[in-house]
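1. Turn this into a structure:
(2 chains)
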Protein chains: 2
Amino acid sequence: MSVDTKSAAVPNGFLFSTIEAAVKKPGRKDLALIYSEKECVAAGVFTTSSVKAAPVRLDMKLVRSGAGRAIIVNSGNANACTGQQGMKDAAEMGRLVASRKGISADGVYVCSTGVIGTPMPMERIRSAAPGLVEGLGKATIEDVASAIMTTDTFPKVVSKRKKIGGKIVTFTGICKGAGMIRPNMATMLCFITTDASIGGKALDVALRQAVGRSFNRITIDGDMSTNDTVLALANGMAGNETIKLKSASYEIFAGALAELAYGLSEMIVRDGEGATKLVEVEIRNAKSEKDAERGAFAIANSLLVKTAIYGNDANWGRLMAALGYSGIAVKEEKVDISLNGLMVAKKGVAAGVDKEANEKLKDKKVKIVIDLHLGNGSAKVLTCDLTEDYIRINAEYRT
Amino acid sequence: MSVDTKSAAVPNGFLFSTIEAAVKKPGRKDLALIYSEKECVAAGVFTTSSVKAAPVRLDMKLVRSGAGRAIIVNSGNANACTGQQGMKDAAEMGRLVASRKGISADGVYVCSTGVIGTPMPMERIRSAAPGLVEGLGKATIEDVASAIMTTDTFPKVVSKRKKIGGKIVTFTGICKGAGMIRPNMATMLCFITTDASIGGKALDVALRQAVGRSFNRITIDGDMSTNDTVLALANGMAGNETIKLKSASYEIFAGALAELAYGLSEMIVRDGEGATKLVEVEIRNAKSEKDAERGAFAIANSLLVKTAIYGNDANWGRLMAALGYSGIAVKEEKVDISLNGLMVAKKGVAAGVDKEANEKLKDKKVKIVIDLHLGNGSAKVLTCDLTEDYIRINAEYRT
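-> Purely as a prediction, here's the structure:
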C-alpha cells in the first residue's frame, strides 16, 4: 500500500522552524531547524570532493555515532574555504541549538549552502538562534525547503507513506540544488526524515543505495559542490518493529527511500539553473553498466548536446561525438539513436527525419535512447538543457 | 635568428587554391587545396575519439607512408557518421585532386569540418574540383584559412622563419577551431607546411611534442570533435641538410614548430565561441605535472568558473571547488590563489580583496595562478570565458 501525498505529510515527532538571520542579506528566512522529539538513528552521504566545507567535515564526524536529533541549516553562505574559523563557527552553530534544547551538540548536524570563501556572519546567527529554537513547531517542512534555497526557483518536498509491519510509516524529504550538480554527490543539501524504526546499518545501506540511483545519476553543469550532503533521520515513532537488513520490511523501506530520492533528484534537474527542459539520457546494451553510465554522463555533460536540445536541434551527431570521446566501447556502425521515440540514426547513419525530430525536441521532456548493441549494460542519467539564463545566473551570482 | 612575420610568409613550393562548392549553402569559398610542387615528408596527429570521421580514418592510413603531396579540405560538412558511403566519398575527394595533377591518390590527404551525420554533397564537390585544381597558385594561405572556418570569427595563420644549417626555413601554419575543443585533440583542423628538409621520424616526433604542449592543453567547452586533425608537410625546398633527430638543427626545428603550434592554439582559444576573454590557468607546485594538468583542466572546464570570469566575479571559491573535485592531491590550508597578479586567497582562506580582484577580471586576458605548495609539478592550460553567445551560437548552429 502506498499513498503519495501532494501536500507534504510529515513523520510523527518532527518539528520545524525558520527565521531570518540575514546571512547574506536581509529580506528572507535563511536559517532553519529540523528537530525530532526523540533521538534518531542517523545516516549521511557527503561530497567526495577533497575540498570540504566546515559543516561537512563536522557532520562526517558526528554521523559516525549513527545517531542524531536535529539539523540546523543556513543558506547564503557555504562556510567553505573558511579555515579554522569555519570549523569553530560550524561547531558553534550546533551548540546554539543544543544548549537551548538541553541536548548534546553531538546530535546536532550543521549544514550550509551559498557563497564559498566568506566567513560566516556569526553575530547574526547568534542573534537569530533563540528565535529559531523557540519557533519550533511554527513552521512547515515547506518553509524549511524554502529557507535552504539559493538559486532554486521552487522549494523541493516529497512525501511518502508506506505500511511497514502493520504500521503507517511516513517519509518526507526536502532538498535544494539547481547548480553545481554532478554525480558523487549531486544535491547540495537533502534532508530525509522518517518515523520508521530502523537499525543504523539498515538505514545507512538503504540511504547509500537510494543516493546511488538518484542524486548520483543527475548532472546539471558537471560541477560538484564542497557542501553536498544527504542526511536521513529516523526517530522510530511510527512504532513498527525495528527494520533489519535483508528483511521484507527492509525492502519496503528501501524502496520508499529510493522513490523519494529519485523524486527529489528529478526536481533538482527540473530546476537546473536556467533550464527549460528535462532530459533523460538512456544508454542500452552497452558492454557493461559502467560503460552505459559513463557514456550517458558524457552526453549529459556535453555543452554542445545541451545547447542543441535547448535550440530544438536534433543534432544527433553531437551525441555520437560525445559517445566517441567518452572512452567507452562503441561500434559506430551498430549505434541506434532515438529522440522521444523517433529513430534519428540507425546503425550509425542518419535516418533522414531531422525535421520531425526537431519538432519532437520542442517537448518539455526529452528522452534520448541510445542502443549500442554490444552487451547488456544499461543506465539512465537525468540532466537539463543549457541556456543563456544559466550564464546570466552564474555570471551574476555574487553581485 | 628568428623573424616573426605578420603577413604570412609561405614556404617555397607550396601552392594554394580555394573555390565555392556550396557544401552547406552558397555564398562563400568552402573548398580548399594545399599542394606542394615536390613530394613531402608528412606527419599527422588525429582525434582520439572512437567515433572518427571518414576523412580522419582515410588520413590515418595514408600517413603511415610518412609521405604526402596535397591536402583537400572542405567546411560545411564533417563527413562523420556517414557510414560506408562516407568512406567512399572521402576517397573520391582525394582522387579528384590526384587524377587532375597526375599524382598518386595516396599522397592526397582529405579533411572535412562542419555538420556531423549528413552525407557529403559529392555532386557539388565533383563540379568544383576542376576549378579548384586549376586555381592553384591564385589563392593565398589566408584564403585557405578562411575557407576552412565554421563558427570561427577570424582566419588563423602563423608564420615563422628560422635559419637552419645556413638556410632560411619557412613555416606556415593555419587552423580552425572555435568550439568542440578539448585536449587530445584540440584544434579541429590544423595544417602546417614547411620547406625544411627533415626525416620522417624527426618530423613525427617534433609534431607530437608541439601538439602535446599546445593544442592538447587548450579547452573551450570540454567537447572533442570526431574530425580533429593536425597535418604537417615538409617539402625540403629550403635546401638545408636533412634534419635528423637529436641534432642541433632538430632543436631549432622543433622549437619553431612548438612556437607555431602554441601561437595557433592561443588563437583558437581567443576565438572560442562567444568568448570575451582569454584565460590562462596555471597550477604550480602540484604533487606531479600530471596532477597540475588535471587540476588546471578541471578549472578550465568548470562552467561555474567560466561564467564567473565572464561576469567579472572573483569567485575564487569556485576555483577551490573545482580543485576539490578534480581528484588531485590538494591541501586546502596550503592553497594560494592569485588573479592577474593579485593574491585573492592565501593558505586556503580569503585575502579580503574581492573588490580589487573583480576589477582585475575586467582585463581581456585573465591569468589564474594557483600554488598548491605540495611538490614541483606545474602546467598551464588555456581557455576562455563562457557567455550567452556560446549558447546562441550552438543552439542555432544547424538552423
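
2. Show the backbone phi and psi for A:Asn376.
-> In this entry, A:Asn376 is assigned phi and psi values of phi -130, psi 30 (degrees, to the nearest 10).

3. Near it, how many other residues are there?
-> As a burial measure, the neighbour count of A:Asn376 was computed by other CB atoms under 10 Å in any protein chain shown and equals 11. (Glycine included, C-beta is placed from N, CA and C.)

4. Could you verify my assumption that it touches A:Ala292?
-> No. With contacts defined as CB atoms under 8 Å, A:Asn376 does not count as touching A:Ala292, sitting 9.4 Å away.

5. Low-confidence ranges, the stretch 101-250 of chain A, go.
-> By pLDDT under 70, the low-scoring segments of the stretch 101-250 of chain A are A:178-187, A:220-225.

6. And the residue lying closest to A:Ile168 once chain neighbours are set aside, how far from chain B?
-> Distances taken as CB to CB, 6 or more residues apart in numbering or on different chains place A:Arg161 nearest to A:Ile168, at 5.7 Å, with adjacent residues excluded. When distances are taken as CB to the nearest CB, to the nearest Å, A:Arg161 and chain B turn out to be 37 Å apart.

7. I'd guess A:Arg161 is in a helix, am I close?
-> No. Counting by DSSP: H, G, I helix; E, B strand; the rest coil, A:Arg161 is not part of a helix but strand.

8. correct me, but it touches A:Thr194?
-> No. Between A:Arg161 and A:Thr194 there is no contact, the gap being 10.2 Å when judged by CB under 8 Å.

9. So the two - more neighbours on which side?
-> For A:Arg161 against A:Thr194, the residue with the higher neighbour count under other CB under 10 Å is A:Thr194, and the figures read 32 against 19.

10. re earlier: overlap of the contact sets of A:Arg161 and A:Thr194?
-> Residues within reach of A:Arg161 and of A:Thr194 at once, by CB atoms under 8 Å, 6 or more residues apart in numbering or on different chains, are A:169-171.

11. Reformat those residues as a markdown table; add secondary structure.
-> Supplementary listing: those in a markdown table, determined by three-state DSSP:
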| residue | secondary structure |
| --- | --- |
| A:Val169 | strand |
| A:Thr170 | strand |
| A:Phe171 | strand |
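
12. top of these by neighbour count?
-> Most crowded among the shared contacts of A:Arg161 and A:Thr194, counting by other CB under 10 Å, is A:Val169 at 28 neighbours.

13. which residues sit in contact with that residue?
-> Going by CB under 8 Å, 6+ apart, A:Val169 touches A:11, A:161-163, A:194-196, A:238, A:240, A:253, A:256.

14. Which of the three states applies to A:Arg10?
-> Careful, residue A:10 is Val and not Arg. Each residue gets one of three states, and A:Val10 gets coil by three-state DSSP.

15. Now name the helix or strand holding A:Pro130.
-> Applying DSSP states H and E as the criterion places A:Pro130 in helix A:122-134.

16. in that helix, what counts as buried?
-> Applying a neighbour-count criterion of 16 or more other CB atoms under 10 Å in any protein chain shown, one finds A:124-125, A:128-129, A:132-133 buried in helix A:122-134.

17. what's the answer for stretch A:325-344, then?
-> Of the residues in stretch A:325-344, those buried under the neighbour-count criterion (16+ other CB under 10 Å) are A:325-326, A:328-330, A:332, A:335-340, A:344.

18. quick one, helices of chain A?
-> If you assign secondary structure with DSSP state H, the helices in chain A sit at A:54-62, A:83-101, A:122-134, A:141-147, A:200-212, A:248-270, A:289-301, A:303-310, A:316-326, A:354-360, A:388-395.

19. So the first one, near chain B or not?
-> No. Shown here: helix A:54-62 not in contact with chain B (CB under 8 Å from any CB of the partner chain), separated by at least 10.2 Å.

20. Next, the buried residues of that helix.
-> For helix A:54-62, the buried set under the neighbour-count rule, 16+ other CB under 10 Å, comprises A:54-56, A:58-59, A:62.

21. Turn those residues into JSON lines, including pLDDT and distance to B:Met320.
-> What follows is these, written out as JSON lines (pLDDT from 0 to 100; distance: CB to CB, whole Å):
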{"residue": "A:Ala54", "pLDDT": "96", "distance to B:Met320": "13"}
{"residue": "A:Pro55", "pLDDT": "96", "distance to B:Met320": "16"}
{"residue": "A:Val56", "pLDDT": "95", "distance to B:Met320": "13"}
{"residue": "A:Leu58", "pLDDT": "98", "distance to B:Met320": "18"}
{"residue": "A:Asp59", "pLDDT": "97", "distance to B:Met320": "19"}
{"residue": "A:Leu62", "pLDDT": "98", "distance to B:Met320": "24"}
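
22. Now for those: which two are most distant?
-> The two members of the buried residues of helix A:54-62 with the most space between them (CB to CB) are A:Ala54 and A:Leu62, at 12.7 Å.

23. between the two, what contacts are shared?
-> Any residue near both A:Ala54 and A:Leu62 by CB under 8 Å, 6+ apart counts here, and not one turns up.

24. which parts of the stretch 51-200 of chain A sit against chain B?
-> Taking CB under 8 Å from any CB as the test, the list of the stretch 51-200 of chain A residues beside chain B reads A:51-52, A:78, A:80-83, A:85, A:115-119, A:179-180, A:182.

25. Show me the two of those that sit farthest apart.
-> Pairwise distances across these peak at 28.7 Å for A:Gln85 and A:Arg182 (criterion: CB to CB).

26. So between those two, which is more surrounded?
-> Per other CB under 10 Å, whichever of A:Gln85 and A:Arg182 has more neighbours is A:Arg182, with 22 against 14.

27. Domain parsing of chain A, as residue ranges.
-> Listed by automatic domain parsing, the domain ranges of chain A are A:2-270, A:278-395.

28. Provide a list of residues in contact with A:Ala275.
-> With contact set as CB under 8 Å, 6+ apart, A:Ala275 has these partners: A:220, A:269, A:384-387, A:390.

29. Most neighbours among the residues you listed, please name it.
-> Ranked by neighbours (other CB under 10 Å), the contacts of A:Ala275 are led by A:Leu386, which has 31 neighbours.

30. Chain neighbours aside, what residue packs nearest to that one?
-> Here the residue nearest A:Leu386, using CB to CB, 6+ apart, is A:Lys306, at 3.7 Å.

31. neighbours of the one you found, just the number please.
-> Other residues within reach of A:Lys306, judged by other CB under 10 Å, total 30.

32. Spatially nearest residue to A:Glu259, not counting backbone neighbours?
-> In space, and not counting its chain neighbours, A:Glu259 is closest to A:Lys160: 6.4 Å by CB to CB, 6+ apart.

33. isn't the one you found right next to A:Ile168, touching?
-> No. Contact criterion CB under 8 Å: A:Lys160 and A:Ile168 do not qualify, at 10.8 Å.

34. Just want to know which of those two has more residues nearby.
-> Neighbour tally, A:Lys160 and A:Ile168, criterion other CB under 10 Å: the higher count belongs to A:Lys160, 21 against 16.

35. Any idea what that one is bridged to?
-> Judged by DSSP bridges, the bridge partners of A:Lys160 are A:Asp4, A:Phe171.

36. pLDDT weak spots in the stretch 251-399 of chain A?
-> In the predicted model of the stretch 251-399 of chain A, residues A:397-399 satisfy pLDDT under 70.

37. quick revisit: looking at the shared contacts of A:Arg161 and A:Thr194, which one is closest to chain B?
-> Distance from chain B was checked for each of the shared contacts of A:Arg161 and A:Thr194 by CB to the nearest CB. The minimum falls on A:Phe171, at 29.6 Å.

38. Just confirm the closest one contacts A:Lys162, I think it does.
-> Yes. A contact is recorded between A:Phe171 and A:Lys162 when judged using CB under 8 Å, the distance being 7.4 Å.

39. Mutual contacts of the two, please.
-> Overlap of the contact sets of A:Phe171 and A:Lys162 (by CB under 8 Å, 6+ apart) consists of A:Ala256.

40. Tell me if I'm right that A:Arg270 and A:Cys384 touch.
-> Yes. Under the criterion of CB under 8 Å, A:Arg270 is in contact with A:Cys384, at a separation of 7.3 Å.
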